[in-house]
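Asker: sequence first, then the predicted structure, then my questions.
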Amino acid sequence: MAAIAGGRVSDERVTCLRIFADANGETHMEDVDIALQPRKLFKDNPPLRLSDNLAASWCNICCVPAGMREVDWHNPTAAFARALAHRRD
C-alpha cells in the first residue's frame with residue numbers, strides 16, 4: 001500500500017492533504033500526519049489501526065485516483081455540481 005500511496009501511508013501513520021480556507025476565504029493546503037494506534041474493537045479479530053478522535057466542524061475524506069486531471073479545489077461544491085451535471089445515468 002505504501003508504494004501505491006507514495007510513502008504517505010503505513011501501519012503506523014497516514015499523511016493527508018488538508019485543504020482549508022482562512023477567515024478571509026483564502027485557500028490553503030498542508031500535509032497532516034495522523035498516527036494510527038492498534039485498538040482492539042472486536043472479539044476474535046485483530047486490532048484495527050485507528051487515529052485519535054479529530055475535532056472538526058465537518059470533514060470529507062477523498063481518495064483521488066492516479067492520473068486524475070486537475071480539479072477546481074477553490075470551489076469544491078461548484079466542481080461537484082459540475083461533475084453531477086455531466087453525469088450520464
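Answerer: It's in.

Asker: drop to CA atoms for contacts and neighbour counts, all remaining ones
Answerer: Fine.

Asker: I'd assumed residue 17 was in contact with residue 29.
Answerer: Yes. At 6.7 Å, residue 29 counts as touching residue 17 under the criterion of CA atoms under 8 Å.

Asker: neighbour-wise, which of those two wins?
Answerer: Comparing residue 29 with residue 17 by other CA atoms under 10 Å, the one with more neighbours is residue 17, at 13 against 10.

Asker: the more buried one falls within a strand, correct?
Answerer: Yes. Counting by DSSP: H, G, I helix; E, B strand; the rest coil, one finds residue 17 located in a strand.

Asker: can you tell me the closest non-neighbouring residue to it?
Answerer: In this structure, residue 17 finds its nearest non-sequential neighbour in residue 31, 4.7 Å apart by CA to CA, 6 or more residues apart in numbering.

Asker: give me the contacts around the helix or strand hosting the one you found.
Answerer: Residue 31 belongs to strand 27-35 when assigned by DSSP states H and E. Residues outside strand 27-35 that contact it (CA atoms under 8 Å, 6 or more residues apart in numbering) are 12-22, 50-52, 74.

Asker: go again using 6 Å as the cut-off
Answerer: Residues outside strand 27-35 that contact it (CA atoms under 6 Å, 6 or more residues apart in numbering): 12, 13, 14, 15, 16, 17, 18, 19, 20, 21, 51.

Asker: tell me the buried residues in stretch 36-44?
Answerer: Neighbour counts using 16 or more other CA atoms under 10 Å place residue 36 of stretch 36-44 among the buried residues.

Asker: any idea how far apart the tips of it sit?
Answerer: End-to-end distance of stretch 36-44 (CA to CA, to the nearest Å): 21 Å.

Asker: burial count for residue 16?
Answerer: Residue 16: 16 neighbours (other CA under 10 Å).

Asker: quick one on the thing from earlier: which of the contacts of strand 27-35 sit farthest apart?
Answerer: 12 and 21 (28.7 Å; CA to CA).

Asker: bridge partners for residue 14, pull those for me.
Answerer: Beta bridges link residue 14 to residue 9, residue 34 when assigned by DSSP bridges.

Asker: can you get me a residue count around it?
Answerer: If you count neighbours by other CA under 10 Å, residue 14 ends up with 17.
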